[in-house]
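Student: quick check, what structure comes out for this input:
(one chain, ligands or ions: 2)
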Amino acid sequence: MIHSPRTVAFTQNATNVFFHILTACNLRCRHCYINPSQHGVASLNIDTITAWLSAFAGKENPPNVIFLGGEPTLHPDLPLAVKQARQLGYQSITIDTNGYLFHDILNRLQPDEVDFFSFSLDGATPAVNDSLRGDGSFQACLKGIRQAIAGGFHTSLIYTVSSANLQELEKMPELLRDIGICRFFIQVVGIRGKPAQAAASEPDRINQVSPEEWLNKVPAAAQKAAEMGIDVIYPKVFLKPGEPFACAGKVADNYFIFPNGRVYRCPLCEDYPLHGKIFENNRLTSMPGINEMDLFKLDIPEGCVMNRIIQPGNIRYLPDGSPVYRVACCLLKEEICGG
Ligand code: SF4
Ligand code: SF4
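Tutor: Ligands and ions are numbered 1, 2, ... in the order given. Alright, predicted model coming up:
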């Protein structure tokens, strides 16, 4: 059976809050996008977490929250934060985790309190995953997934594609099926955080894959997983001729919050003080220009303006100077339903 991908259109009717409640982590992944000099090193207390969650509550369409870090389960009050989000009417709650599941988190939450535990794994084998995420992290993540499933929690998995692990993507569907994961997110590694700090000449530097590699491997792996009954979501990355371009910063309602109070509308901006908003005294305030909101207005033939500024290496040009393809917003996704 052929499963067709569907482009998930942006909407301002769904507010998504990506809430980094701390930046500390037990791992030191080579492709980590966390940048403490830009995002802070604080661990927010529960009163602050509640106040910041409240800023997005009370809308006609209840918001969704994804708790992130660092490793969010290192925060001892994560269960309280989940309960506060529920009380504030959040319609879905996800916890992104590296799988170590600190502070006995599975026993301090009920399966109906969390919509998904989303596990990060970047290889189908310990050799590839652990070369990126650290020794022992593959087995620890699998153990965490199995414990979460045994506890009745819904689980999903995030695979961040880079030059270092593209070759194992095609092996992931079998692994996901065997461990019982029902939702698979494929991401592109961003040239931000650690990958941006490493010199381009460093042999170990994490790079993005070429357009040809992406288009050869990623849709096929997504299709394979869908045929096994797994729902798959992956970035569109390249627009076909005639496909409309839209910037989520202008037409969607996403907020990427960091412990130092910065609130971005675009994840590609996160290495820079370009945030459109900030929490000051627990109030969400707009930043003066120039910030990311001014950049979103620029209409360029290459598509995404932040990609053009910080990742220009992934754009190709024709002899007449026009781009071969337009790069889609990094938040534009393709979805294939399994089954
Ligand atoms: S688990 Fe996440 S936050 Fe921790 S080092 Fe890895 S990428 Fe960074
Ligand atoms: S990734 Fe590009 S298109 Fe998407 S929000 Fe950022 S600037 Fe806009």
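
Student: next to ligand 1, which bits of this structure? Give me the list.
Tutor: Within the chain, the residues that sit near ligand 1 (CB under 6 Å from any ligand atom) are 25, 27, 28, 29, 32, 34, 69, 70, 71, 98, 120, 133. C-beta coordinates here come from the backbone N, C-alpha and C atoms, glycine included.

Student: buried subset of the residues you listed as a ChimeraX selection?
Tutor: Listed next is the ChimeraX selection for buried residues among the residues of the chain next to ligand 1, using 16 or more other CB atoms under 10 Å:
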select :25,27,29,32,34,69,70,71,98,120,133
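
Student: neighbours of residue 242, how many?
Tutor: Neighbourhood size, residue 242 [other CB atoms under 10 Å]: 5.

Student: so after the lengthiest helix in the chain, what's the next helix or strand?
Tutor: Scanning the chain for the longest helix, with DSSP state H as the assignment, gives helix 211-227. Downstream of helix 211-227, the next assigned helix or strand under DSSP states H and E is strand 231-235.

Student: what lines up beside that following strand in the sheet?
Tutor: Strand pairing for strand 231-235, using DSSP bridges, gives strand 183-188 (parallel), strand 333-336 (antiparallel).

Student: what's the angle from it to helix 211-227?
Tutor: Compare the direction of strand 231-235 with that of helix 211-227 by axes from the mean of the first three to the mean of the last three CA atoms, to 10 degrees and you get 160 degrees.

Student: neighbouring contacts of strand 231-235?
Tutor: Residues outside strand 231-235 that contact it (CB atoms under 8 Å, 6 or more residues apart in numbering) are 8, 182-188, 218-219, 222, 225-226, 328, 330-338.

Student: can you pull the contacts of the closest residue to residue 121 other than its chain neighbours?
Tutor: Among residues not flanking residue 121 along the chain, residue 141 sits closest, at 5.1 Å (CB to CB, 6 or more residues apart in numbering). Taking CB under 8 Å, 6+ apart, we find residue 141 in contact with 98, 99, 119, 120, 121, 129.

Student: filter the residues you listed down to the ones in strands?
Tutor: The members of the contacts of residue 141 that map onto strands under DSSP state E are 119, 120.

Student: which one of the contacts of residue 141 is nearest ligand 2?
Tutor: residue 120 (20.5 Å; CB to the nearest ligand atom).

Student: so is the nearest residue to that closest one once chain neighbours are set aside in a helix, a strand, or just coil?
Tutor: Computed as CB to CB, 6+ apart, the closest residue to residue 120 that is not its neighbour in sequence is residue 158, at 4.9 Å. Counting by DSSP: H, G, I helix; E, B strand; the rest coil, the backbone at residue 158 sits in strand.

Student: just list whatever residues bridge to residue 158.
Tutor: residue 120, residue 185.

Student: what about it, how many neighbours?
Tutor: By other CB under 10 Å, 17 other residues sit near residue 158.

Student: hmm, stretch 326-338 touching ligand 2?
Tutor: Yes - contact of stretch 326-338 with ligand 2 (CB under 6 Å from any ligand atom) involves 329, 330, 331.

Student: any of those buried? List them.
Tutor: Buried subset of the residues of stretch 326-338 next to ligand 2 (neighbour count, 16+ other CB under 10 Å): 329, 330, 331.

Student: in contact with the second one, which residues?
Tutor: Listed by CB under 8 Å, 6+ apart, the contact set of residue 330 reads 188, 190, 235, 266, 267, 268, 304, 307.

Student: ok, so of the residues you listed, who is nearest residue 276?
Tutor: residue 266 (8.3 Å; CB to CB).

Student: name the nearest residue to the closest one, ignoring sequence neighbours.
Tutor: The nearest residue in space to residue 266 (CB to CB, 6+ apart) is residue 249, at 4.8 Å.

Student: now that neighbour: which helix or strand?
Tutor: Per DSSP H and E: helix 248-251 holds residue 249.

Student: which is the succeeding secondary structure element to that helix?
Tutor: With DSSP H and E setting the assignment, the helix or strand that follows helix 248-251 is strand 253-257.

Student: show me where this protein dips below the pLDDT cut-off.
Tutor: 1-2 (pLDDT under 70).

Student: enumerate the residues of it near ligand 2.
Tutor: 247-249, 266, 268, 296, 304-307, 329-331.

Student: check the gap between residue 259 and residue 178 for me.
Tutor: 37 Å (CB to CB, to the nearest Å).

Student: do residue 324 as well
Tutor: As defined by CB to CB, residue 324 lies at a distance of 39 Å from residue 178.

Student: so where do the helices sit in this structure?
Tutor: 36-39, 46-54, 78-87, 105-108, 126-133, 137-150, 172-179, 194-197, 211-227, 248-251, 292-296, 305-310.

Student: which ones among the residues of the chain next to ligand 1 lie within strands?
Tutor: Per DSSP E, the residues of the chain next to ligand 1 map to strands at residue 120.

Student: give me the number of residues near the residue nearest to residue 221 when sequence neighbours are not counted?
Tutor: Closest residue to residue 221 apart from its sequence neighbours, by CB to CB, 6+ apart: residue 169 at 4.6 Å. The tally of other residues near residue 169 (other CB under 10 Å) stands at 23.

Student: before I go, just wanted to say thanks for your time.
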